[in-house]
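> coords below, sequence missing:
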Ligand code: C2E
Ligand code: MG
Ligand code: MG
């Protein structure tokens, strides 16, 4: 039994043992499974902790480092050197309070996050984002997990962005140019300068539609350009528009625009510069460049533009137009005698009178000096004649300035497009030719251009070339015409008169080439040649033993006013060793146009002992007043008066008056163009005792004058 009991007990024990073993083994099995799970979890968390690219720390509740992961090396530290140290030593003072507050928030059980600056091991400032997480163990807080992220770069980028934004904002806000952003035709951003420009407050300007401030005429263009800008159809960046300010004044501005995305939608951003002043200045400059300052009439540059436009239009419409080219007769004399101030007033008055002769569409311009032109669009010969006639009538009315009554008449040349020229230059040139023709016909009239004038001009050009050659090739000679003492009937002198011995045309009289030479300036070298030749030939006669005669040489006004006339005379005299008393210079009344200069030259001539006479006296305009002041030896009464003597009472009176006047002024008198004995008797009776004319002899070549007069005088 005992054995049974023992056996049962053993079985029970064995069963117990087995059960225990089973329980134990299953418990152990369960335990080991639990252990494996814990280990696995630990591995997971360890990896999350160790391998985290962000530095992770565990702090005790006082903020001392307990554990740190590998990423702490990012800041130059090792975990070991941080252990048991408080984090406060690594935070920049500026952030310490904040960071501590956040830390203790975690100690209190709530996670928190903040940014702060720390110093890394090398002492460099690093920006970090700190996340504090409380560590709960059995509902109790055992410490704090802290994850730190390096946000230095991010912070820097953010700062840069803020700085850049601030920089650009201040640039735009303080910009001297207006800046705008526009969406749907409305302003959605404006800077202060733009407000200032527009005269609106910024709040008023914001939301304003282009329709409300763009100048109505420019609006279609603005709208179209905005559309094109949005559709990327536009290359141009710069535009010029006008806008209406709040005070309703108009400004012109220059605008740049480009497409951007603003608040998620397409917009145009751009700048605006107020160019009103620049535009006004440009306008003034353009006006100045294209207008004459004195009369404010268009000048020749604007005339060129207008005339070219007229050419294009007339071609298109197959019609014509007229150009009147106008020159004031003897204006130079007014300027020279009465001064430029009076001259200017005359020009201004002429401009006014011209305006009264034309319509709004006609264009008057001051071409230069005393030349004006009138462009008559769509006008033919008939209207051109009418206007020219009217101008002549209007301008011929006397002008009164400074107690001087002046007569300013015009000579007008007319060219018609396309008959007389198809270009600006041709029309001007031909109008000018026609004008000269009008002048040659006695001034104060108008002439149309014709081909003959061209031929004449060409002929004159040829003449000029030939005349230059004549001077170089010694084709010029002096003829001598005797001058006689009427009482003694003795030759006392001769007038030297120039002739051109042309190789083909023979002898050409001075009237055919002197005026041309005066015009083109050749008269200066020709005149010098005449002085030298007259001195030489006269001296030659003296050396040949003839009793000395005075030779008078004609001096044109241009030559007289030449600065070195006195020098030329002096050198001719010294080179030929002719006594100055045998040289006389014949000048014309036109020298009175510059009395002061004339007096200086005449006194110089008087000083060197040369005589001076006034040629063709009576036909000019010299006033007695001037005559009295000029040191002159002799007056030569113009042949037109002598021609009429003694049959014409008026001429007789004139001649008599000149003689009396000359004697009163202690001047000698010589009568020119004496052809009859009656004239001699008349002149003698009036007290004139010197004469020159065909009656005594025609101008002869040097050798003939010598044989005909000098030799004969010797023989007597
Ligand atoms: P002028 O100085 O008045 O010369 C007088 C002109 O009248 C000369 O004409 C002469 O031939 C002409 N003549 C003289 N007596 C009579 C007469 O009884 N009846 C008529 N019908 N005519 C007479 P010429 O030689 O043809 O000279 C014309 C003008 O050319 C001169 O007028 C003078 O102004 C100018 N001239 C001549 N030679 C020169 C010169 O060397 N230099 C300059 N600057 N002008 C000159
Ligand atoms: Mg003369
Ligand atoms: Mg004369």
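Great, that's in hand. If you're wondering where the values come from, they're calculated on a predicted model, not measured in any experiment. Ligands and ions are numbered 1, 2, ... in the order given.
> and stretch 48-60, average pLDDT?
The pLDDT scores in stretch 48-60 average 91.
> counting neighbours, what do you get for the nearest residue to residue 453 once chain neighbours are set aside?
Of all residues not flanking residue 453 in the chain, residue 433 sits nearest, at 4.4 Å (Cβ to Cβ, 6 or more residues apart in numbering). Just so you know, the C-beta spots here come from the backbone N, C-alpha and C atoms, and that holds for glycine as well. Neighbour count for residue 433, taken as other Cβ atoms under 10 Å: 22.
> could I get the full set of helices for the stretch 501-650 of the chain?
514-520, 523-543, 557-560, 565-576, 595-608, 624-629, 639-644, 649-664 (DSSP state H, counting those that start in this stretch).
> residue ranges in the protein under the pLDDT threshold?
Scanning the chain for pLDDT under 70 picks out 1-34, 236, 402, 621-624, 716.
> mind listing what residue 577 touches?
By Cβ atoms under 8 Å, 6 or more residues apart in numbering, the contact list for residue 577 reads residue 539.
> count of residues packed around residue 575?
Neighbours of residue 575 under the rule other Cβ under 10 Å: 12.
> oh sorry, the question was meant for residue 715
6.
> can you list the residues of this protein near ligand 3?
615-616, 672 (Cβ under 5 Å from the ion).
> closest one of the residues you listed to residue 361?
Nearest to residue 361 among the residues of the chain next to ligand 3: residue 616, at 47.1 Å, using Cβ to Cβ.
> surely that closest one and residue 636 touch.
Yes. With contact defined as Cβ atoms under 8 Å, residue 616 and residue 636 form a contacting pair (6.7 Å).
> before we move on, back to that, could the residues of the chain next to ligand 3 go into a markdown table alongside distance to ligand 1?
Compiled in a markdown table, the residues of the chain next to ligand 3 are given as follows (distance: Cβ to the nearest ligand atom, whole Å):
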| residue | distance to ligand 1 |
| --- | --- |
| 615 | 5 |
| 616 | 5 |
| 672 | 6 |
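> contacts with ligand 2 among the residues you listed, please.
Within these, those near ligand 2 by Cβ under 5 Å from the ion are residue 615.
> just the buried ones from the residues of the chain next to ligand 3?
615-616, 672 (16 or more other Cβ atoms under 10 Å).
> now distance to residue 104 too, for the helices of the stretch 501-650 of the chain, in a markdown table please.
Written out in a markdown table, the entries for those read as follows (distance: least, Cβ to Cβ, whole Å):
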| stretch | distance to residue 104 |
| --- | --- |
| helix 514-520 | 111 |
| helix 523-543 | 113 |
| helix 557-560 | 113 |
| helix 565-576 | 114 |
| helix 595-608 | 110 |
| helix 624-629 | 118 |
| helix 639-644 | 131 |
| helix 649-664 | 130 |
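> out of the ones you listed, nearest to residue 473?
Closest of those to residue 473 is helix 523-543, at 12.2 Å (criterion: Cβ to Cβ).
> buried stuff in the closest one?
By neighbour count with 16+ other Cβ under 10 Å, helix 523-543 contains the buried residues 523-524, 526-535, 537-539, 541-542.
> do stretch 45-60 as well
49, 55-59.
> equivalent analysis for stretch 296-316, please.
Buried-residue list, stretch 296-316, by 16+ other Cβ under 10 Å: 297-300, 302-304, 306-307, 310-311, 314.
> how far out from the middle of the chain is that stretch?
19 Å (Cα atoms, centre = their mean, to the nearest Å).
> for the remainder of this discussion, apply numbering that starts at 273.
Yes, from this point I'll number from 273; that puts the last item at stretch 568-588.
> contacting residues around that stretch?
Counting by Cβ under 8 Å, 6+ apart, 561-564, 592-593, 595, 623, 635-640, 644-645, 647, 649-650, 689-690, 694-696, 699 sit against stretch 568-588.
> before we move on, what about stretch 837-846?
800, 803-804, 807, 827, 831, 850, 852, 855, 857, 873, 876-877, 880, 882.
> cool, stretch 741-753 as well?
Outside stretch 741-753, the residues that reach it (Cβ under 8 Å, 6+ apart) are 766-775, 794, 797-798, 801-802, 805-806, 809, 823, 964, 969-974, 977.
> anything in that stretch near ligand 2?
No. Shown here: stretch 741-753 not in contact with ligand 2 (Cβ under 5 Å from the ion), separated by at least 9.1 Å.
> what's the span of that stretch, first residue to last?
26 Å (Cα to Cα, to the nearest Å).
> give me the buried stretch members for it, please.
742-743, 747-753.
> quick check: end-to-end length of stretch 933-947?
Start-to-end, stretch 933-947 (Cα to Cα) is 24 Å.
> would you agree residue 424 is in contact with residue 399?
Yes. Taking contacts as Cβ under 8 Å, residue 424 lies within contact range of residue 399: 4.5 Å.
> these two - which one has more neighbours?
With neighbours defined as other Cβ under 10 Å, residue 424 and residue 399 compare such that residue 399 has more, 20 against 15.
> how would you label the nearest residue to that one once chain neighbours are set aside: helix, strand or coil?
Using Cβ to Cβ, 6+ apart and skipping residues adjacent in sequence, the residue nearest residue 399 is residue 427, 4.0 Å away. Recorded secondary structure, residue 427: helix (DSSP: H, G, I helix; E, B strand; the rest coil).
> I'd like the distance between residue 427 and ligand 3.
107 Å (Cβ to the ion, to the nearest Å).
> burial measure for that residue, as a count.
Residue 427 has 16 neighbouring residues, counting by other Cβ under 10 Å.
> repeat for residue 929
Neighbours of residue 929 (other Cβ under 10 Å): 12.
> same thing with residue 910?
Neighbour tally, residue 910, other Cβ under 10 Å: 22.
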